[in-house]
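Participant: I'll drop the sequence and a predicted model, then ask my questions.
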Amino acid sequence: MIPLNAPELKRIAGFLHKYDLKSTVTQLGGLLTAPALQADTIRIETIVHLAVAHCHGYRKPSLAEIDRWLNRYIGNIWIALLEDPVEDVFVTNVETPEGNRRVFEGIWESNDYFVQIVLETLNSPGAPPECRALLLPAFALLKLSDCVAERAGLRRWHTEPSIPQDTVKLALGAPVADGARWITFTAAELDALGINRKVLEPFILRDEHKKVLAEEWVGHSSLERRPLVDFGDELVLALPHAVSPAIRRFVVFELKRLGYLHEFADTLASLQARQVEREGLWELKGEAESLEPPKPDGKVPSLHTWLLKYDVNKYLHVVLLHDRLDWLDTQGLSSFMEYPEELRAGLEQYLSKVSSHCRSLPDFAEGMTLLVMGGLGRGFVLEFKDWPEEWRLSVIRIPDLLMLAREPDRPITRYLKCIKQKEWAEEKGVRFVNTNGDYNFYCFWRHLNYQLVPRDVPVDQGTVLVIGNDMVLPVRAEVRNLADCHVLETVGGIYLPVMRFGRDAYFKSMQGRPIYASLHHLGMGVLAGAVETPRGPSWLVVEPRDGGEEVRRFLYEMWSGFIGLYDRLVFEVEARYPKAPRGAIEIRLNFGEVAVPEDLKYEPGVLVGEPEVTVNLVRRTAEVRFPSDFLMCFQQPENTGERLVLRGIAKALVSLHQGATGDVDESVLTDLMSRVIGDPGERVFHVFRTYDPIEYLLWRSDQKPIFLAHEDFVFSKLRLSEGCTAAWPGTSIKSKSECNQFLHRLVVKIWSQLRNLLHQFDRASVIREVLRVHEAVIQDRDHWRRTAQAVLALYKPEEDVFAVAQERESQRGNVSLAARTVLEMAICECPKVGGRELSRWDLDELLAKAALLIEVATDSDAIYNDLVEPQIELHPNGEYTIDRGFHSTVIKPFSTAYLREEFERAAAEYAKLYRSEPPGGRVRADEVLSADFIRAFRIEFSLTPDEAIDGLAALMDLAVERDSVVVETTLGDLKTRLTVARGLSPDACEAFIRTFSIFHRPAWDKSPPGFSERDIYPWRFRRRLSLAARPILIFGNEDDDRVFYGAGTLMSGVRFLLERSERGHLPQEFFTSQAMKQYIGMVNNERGRAFALSVADRLREKGWQTRTEVPMTELEGPAELGDVDVLAWRPSGEVLLIECKRLQLARTVAEVAEICRRFRGEAMDELDKHVRRVNWIRANPVSLCRIVGFVPDPARIDDRLVTNTHVPVMYLTSLPIEADKIGPLKE
């Protein structure tokens, strides 16, 4: 707080006497509406105070004089040094029963929240009429604030860059004259706003207050309590940012005078406790166990408390501390709440008691006290003298907790992890200088992309990190804009709180659409949302109906799917009818009679009726009722169902906007449909039929995928290089051998950390949870594949659909590889008994370290195979970096192109998902597979393909029987099912288990007999000990030993072995028998020739003449140049020389490197041989005459390297052949 009678300010006050009060106050107060000056609020509000207290002359200040006051006089004294960086947006929003009211934040903490909670407390059920009467002046002052923001053209959540302790640039950032008008209200303007001047009396500064103002403090002044200055026929809002503190102080004062302050404080405490429980802790609510905390032994401050056991073995003691409002009235909002020693000591003793209780529990792993500061906005001073060990403490203000909870994707968990990581760094000697609280630290951590300690700072004793106070600003601005919480009017005339729908949507365009979900409806179990336009809100409500989870899921999918299309439709209809009445309208979708997908019976040829539309013009509502068999419209590739739903809604909207209930012009509906859903591929609801119980099981599992926790991944890199090199941090390792040696040591170090972790956990617990992760990834990939066509139609070209799909697949690929790695390790390293249950945090850490292990090994492969320069930068925080340019120039575009092709192929095959024919009878292997393959497979695995399929079927039947995608059984039960249920012989049963299983062995990093180290390294592909090839995990050889498998993983694994071996896509080293190795060589030769023939066939279809396998000797060329795979020509003189390569898709850096090595165009590699062939023929064109019938012009002899799949060499830039001549044959 700033004393207005400070000597430096008295000197300024001395020359203010000659200035006109109104002109001075309006010009200065208007500056407080300039967002660019938000950081200068202290200077401006101080001079406003001085002007109100001392101006009584006639001189009107010029812009130059105001500039001098702010920059030379106040700007050069200690007051300017109090300016801090801006911590919140410039304009926020308060929700009232009369609508939204914008307020100016200034430099007050959470102006919007604290006035909002005051209004809600006064308006709570049971509040006495005298208390509710205080709402009227508060609403009136808020309306003035909103009017000022409207005049200034400031929307809610507006913010601009603003620099503290800098020159106030009036000409650039402050419209002085405009600001003066914006904060001034005439009697006529008040009447136009519907405000009675008498209602504002509690906020109008009186003469007696002006007289004492000069002796008061900025931060608790009469002007901040009464920010309206009376000039007779006009009122001036001298401090626009003081509206919130003025209302808070007014309410507290009046309640104290009326004798209701104690009851108000109790209600306020209860409301804030409800907010903490329902909003702040909502994320943990579904998974946490609520416990009864011990009772305090002595006197403690007013508080609410919760004790939660979450994430298996962690304890969180949440304590909401309340302010003493009777002290607040006299001490002010800028003061700090400080408990008397008896209460402070009692609180510390109580917190320690709860900590001791939790730490005494047998399953305790870690715990924390989260102190939440409630009240009406002032700070708390708390000091604990003897905090218990092994128990963390974090303090957060209640508005920050609620804002944190509005972030997407487990923000409370991230916050708790942040505090844990901070404690770890402090134990290592790092000192964080952070004067703005734990939420500011969290925002700093988030700003660094969860990198706790920057790369250029060591994690060691003596390190000091100073954290700016403004870390909260970008997070607050992002969350406020993303959630966009406000109120919308309903057709009943009341205003309900809403929040933006689609905050966590994959496509960013959805995050910016004016589509909002009603929190009030949701609390009553009703799905309701609105599209907000300048005309008003258009509500879309789904009528609730009785039913189980299937019904709730169906209703949500219909509502959430169609509200995006509804958004488009609303804007199209309103553009067509610009003079439609303003105000709320409501469309209700009634699915009460509709059979949900699980109950739907498909009846081909049955004509489904259109939905019935009923309009009520008086209430401005409409209902669209759907017939019972309506979902049959969605059982087809075309978007018939979507069009019928939207057509019904369009009828309702047009009727309401036209004000007529008759038939709607058919041409209008047709035009609207073409504009909103013109592409027949635009689908939002899919009803697929399946006769496969496993496919149905996988679809029903609907588990949300878990991806790598980035905060754990980057944390695992801190101090990583420590102990792995003699080189100093901040230097480089530059030789290839030293780089690979360093990276090898890192791999060993990370593996050691993983092994130590795995030794702590129960084997079954780890395998069960990680299999769920892997299964969810499979289900998510299948979902995206099935809906590819709809995604392309809905979002293209607004979004880069392929980039989003690529990012999603990258997330899936990263976590699935990490999950398989953990599973392969866990079966060996986790104890069979005695380990603790795996928690979600443990899972995140395991997956993160597995991903880091793979990243380091991949970097080693990149250096070893000369994909990148052998140079490693060592950073002080223990991280390392290498030049990963090869990833961005070759690997990323290569994988992107492949995935784009796959995505487009999935979209093109959408119609196949709707084929309704039931599967035919069992097809025997010899009907579809060659005798050569069946023989080789049986010799290799002592198992026929038919027996492999039977074994798969037996295990899938068990998954269906258990109704679970993750199956746990015993080895004895598995054998019984294979032999009894499926009739496998004992030998075939043993062979099936041996072929598709990974058994427990004493150490993961020791390969079993008959295998090599390459088979266990997860960064290699096509490994014999990979979960991808051996999807069954078995604890031992006894009948009572446990067996785990995932249904999707098992299906993929069996398919992997059968299909890849039959097609020759597995290397010969994968197999042990000579028969299978010979088959692989034979099938690759045959299919290589077949591929060349297929290339020739496609060229012939395009008008070329072709020959295949043309020996260079036939052209009288050197024999060592081999053959031309495809020679193509046209009578017009064009000639193509094509090298055909049937390659396997490269999936790892090592495989990418291998293909690039084979086709670099260097001496004696495969591309060099092709280039030399082409060069010889161009030098000897006459050699082609006998085949093509003419002597071609060498300039018209072209060449191609045609492959069956995308290859990384397509993106190399230093090849002797143009990149666009490499890859699959283009149309």
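Facilitator: Okay, I see it. Treat the numbers as computed from the prediction; the structure is a model and nothing was measured. Numbers count the residues shown, from 1 in each chain.

Participant: can you tell me the helix or strand for the residue nearest to residue 847 when sequence neighbours are not counted?
Facilitator: By the measure of Cβ to Cβ, 6 or more residues apart in numbering, the closest residue to residue 847 outside its immediate chain neighbours is residue 818, 4.5 Å from it. For the C-beta atoms, the positions are set from N, CA and C on the backbone; glycine is no exception. Here residue 818, judged by DSSP states H and E, is contained in helix 801-829.

Participant: check which helices and strands that helix sits against.
Facilitator: Packing contacts for helix 801-829, counted by 3 or more Cβ pairs under 8 Å, 6 or more residues apart in numbering; DSSP states H and E, involve helix 736-758, helix 763-786, helix 788-795, helix 840-864, helix 892-908, strand 997-999, strand 1032-1034.

Participant: for those, which one sits closest to residue 161?
Facilitator: Taking Cβ to Cβ, helix 788-795 is the member of the helices and strands packed on helix 801-829 nearest to residue 161, at 32.4 Å.

Participant: separation between residue 893 and residue 1111?
Facilitator: 36 Å (Cβ to Cβ, to the nearest Å).

Participant: how about the helices and strands packed on helix 801-829 in a markdown table, adding mean pLDDT?
Facilitator: Below are those laid out as a markdown table (pLDDT from 0 to 100):
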| stretch | mean pLDDT |
| --- | --- |
| helix 736-758 | 97 |
| helix 763-786 | 93 |
| helix 788-795 | 79 |
| helix 840-864 | 95 |
| helix 892-908 | 83 |
| strand 997-999 | 97 |
| strand 1032-1034 | 98 |
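
Participant: what's the closest of these to residue 142?
Facilitator: From the helices and strands packed on helix 801-829, taking Cβ to Cβ, the stretch that ends up closest is helix 788-795, at 39.4 Å.

Participant: next, the angle helix 763-786 makes with the closest one.
Facilitator: With axes from the mean of the first three to the mean of the last three Cα atoms, to 10 degrees as the basis, helix 788-795 and helix 763-786 are set at 60 degrees to each other.

Participant: can you list contacts of helix 788-795?
Facilitator: Helix 788-795 has contacts (Cβ atoms under 8 Å, 6 or more residues apart in numbering) with 507, 509, 564, 679-684, 686, 784, 801, 804-805, 903-904, 906-908, 910.

Participant: so the closest residue in space to residue 831 that isn't next to it in sequence versus residue 452, what's the distance?
Facilitator: Distances taken as Cβ to Cβ, 6+ apart place residue 763 nearest to residue 831, at 6.3 Å, with adjacent residues excluded. The gap separating residue 763 from residue 452 is 31 Å, by Cβ to Cβ.

Participant: cool, residue 219 as well?
Facilitator: Counting by Cβ to Cβ - residue 219 and residue 452 are separated by 35 Å.

Participant: more crowded one of these two?
Facilitator: For residue 219 versus residue 452, neighbours defined as other Cβ atoms under 10 Å are more numerous around residue 452 (25 against 18).

Participant: A strand includes that one, no?
Facilitator: No - with DSSP: H, G, I helix; E, B strand; the rest coil as the criterion, residue 452 is assigned coil and is not in a strand.

Participant: residue contacts, it?
Facilitator: Residues near residue 452 by Cβ under 8 Å, 6+ apart: 418, 421-422, 425, 445, 714-715, 718.

Participant: lovely, talk soon.
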